[in-house]
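K.L.:
With the input below, show me the fold.
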Amino acid sequence: MNREVASPSVAPICVVVPCYRCGATIGDAVASIAAQTVAPAQVLLVDDFSNDGTLEQLHFISANYPRGWIEVIALPDNGGPSRARNAGWHRARQEYIAFLDADDTWAPTKIELQMQALRADPEIALLAHPMKVRDRAEAAPPSPRTARTSIVPRARLLLSNPFPTASVVLRRDLPFRFNEDFRRVEDFLLWGQIGFSGFRCAKLDQTLAYWHKANYGAGGLSEDLAAMHRAGRQARLELLRQGLVTLPEHLFARSVGLFRKARQRLFAAVRRWRAQGAAS
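P.N.:
The predicted model follows:
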């Protein structure tokens with residue numbers, strides 16, 4: 001039996017979901033897309049050569065929703081999330097693209113509120129919102145019904161990444177793509193290219209998506225803090241090389257990055273200390 005998509009209203013959005021060995025979580029991610037009060041017109045599940053049964057599960061999930069709404073793309077080898085997202089971007093047919101990772105979920109009013117903001121200000125090229133960590137076993141809080149939009153200034157992009165990937169909706173016709181040489185902070189590099197090139201970036205003030213693991217110290221790419229910070233440094237250098245930031249801006253961003261690195265190391269150490277205390 002096919003599952004229903006929540007709303008008869010449809011937004012000109014293609015959702016791109018990179019999938020790699022995500023059989024335990026992809027069902028929840030897709031269900032959160034289907035539960036939108038305004039449904040995206042297209043969903044692309046991009047299997048990054050999982051080679052573990054994930055591809056078969058993606059086809060099974062696709063078959064349980066209205067025909068043609070979900071498309072499955074199978075990549076011939078593993079290229080990382082940048083390549084998977086670019087493959088979906090290439091196949092997208094809608095005016096806007098939204099990104100969702102296979103282990104994250106959306107609040108039901110995400111697309112509705114973002115489309116309201118995009119219609120109110122068509123010059124916005126990238127629109128995001130806050131995300132929070134939530135245990136899968138916990139009941140989801142009520143989904144926001146209203147949200148305020150604020151333009152993100154250039155200087156904010158120098159401080160840290162203000163746009164969690166699963167929060168972003170952007171214009172499909174932007175002249176940038178994820179850099180496939182980066183497997184970490186590839187999102188920050190792309191957002192920087194967009195924002196520092198003068199495109200209008202904005203953010204809603206409501207939490208409309210959830211991570212289901214801690215950002216640091218809970219496995220996955222984000223656990224390797226040293227590698228993350230090396231990638232962040234490389235991304236900042238790439239923005240400098242492209243002439244999108246000035247040398248003073250680069251040096252300022254580097255100093256902020258060093259401070260953030262020290263703070264995150266402290267948080268990771270505290271988390272390990274608490275875990276050891278709980279286990280003893």
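K.L.:
What is the longest helix of this protein by residue count?
P.N.:
If you go by DSSP state H, the chain has its longest helix at helix 247-279.
K.L.:
quick one: average confidence on that helix?
P.N.:
The average pLDDT within helix 247-279 is 78.
K.L.:
can you check stretch 124-131 too?
P.N.:
98.
K.L.:
and that stretch, C-alpha only, in PDB?
P.N.:
What follows is stretch 124-131, C-alpha atoms only, in PDB (Å, rounded to 0.1, in the frame of the first residue of the first chain):
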ATOM      1  CA  ILE A 124      16.800  35.400  -1.600                       C
ATOM      2  CA  ALA A 125      19.100  32.800  -3.200                       C
ATOM      3  CA  LEU A 126      19.700  30.700   0.000                       C
ATOM      4  CA  LEU A 127      17.400  30.300   2.900                       C
ATOM      5  CA  ALA A 128      18.200  28.400   6.100                       C
ATOM      6  CA  HIS A 129      17.100  28.000   9.700                       C
ATOM      7  CA  PRO A 130      18.400  26.700  13.100                       C
ATOM      8  CA  MET A 131      18.600  23.000  13.800                       C
END
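K.L.:
Quick check: buried residues in that stretch?
P.N.:
For stretch 124-131, a neighbour-count test (16 or more other Cβ atoms under 10 Å) marks I124, A125, L126, L127, A128, H129, M131 as buried. Heads up, the C-betas are built off the backbone N, CA and C, glycines and all.
K.L.:
The helix or strand harbouring C201 - which strands sit beside it in the sheet, and in what orientation?
P.N.:
Here C201, judged by DSSP states H and E, is contained in strand 200-204. When pairing is defined by DSSP bridges, strand 200-204 lines up against strand 124-128 (parallel), strand 149-151 (antiparallel).
K.L.:
Tell me which of those strands lies nearest to Y210.
P.N.:
Nearest to Y210, of all the strands paired with strand 200-204, is strand 124-128, at 14.3 Å by Cβ to Cβ.
K.L.:
Could you list the buried residues of the longest helix of the chain?
P.N.:
Result for helix 247-279 [16+ other Cβ under 10 Å]: buried residues E249, H250, A253, R254, G257, K261, Q264.
K.L.:
State the pair within these that is farthest apart.
P.N.:
E249 and Q264 (22.0 Å).
K.L.:
now D103, nearest residue through space, not along the chain?
P.N.:
Beyond its immediate neighbours in the sequence, the residue positioned closest to D103 (Cβ to Cβ, 6 or more residues apart in numbering) is T25, lying 4.3 Å away.
K.L.:
Kindly report the same for S9.
P.N.:
That would be V38: by Cβ to Cβ, 6+ apart, it lies 4.5 Å from S9.
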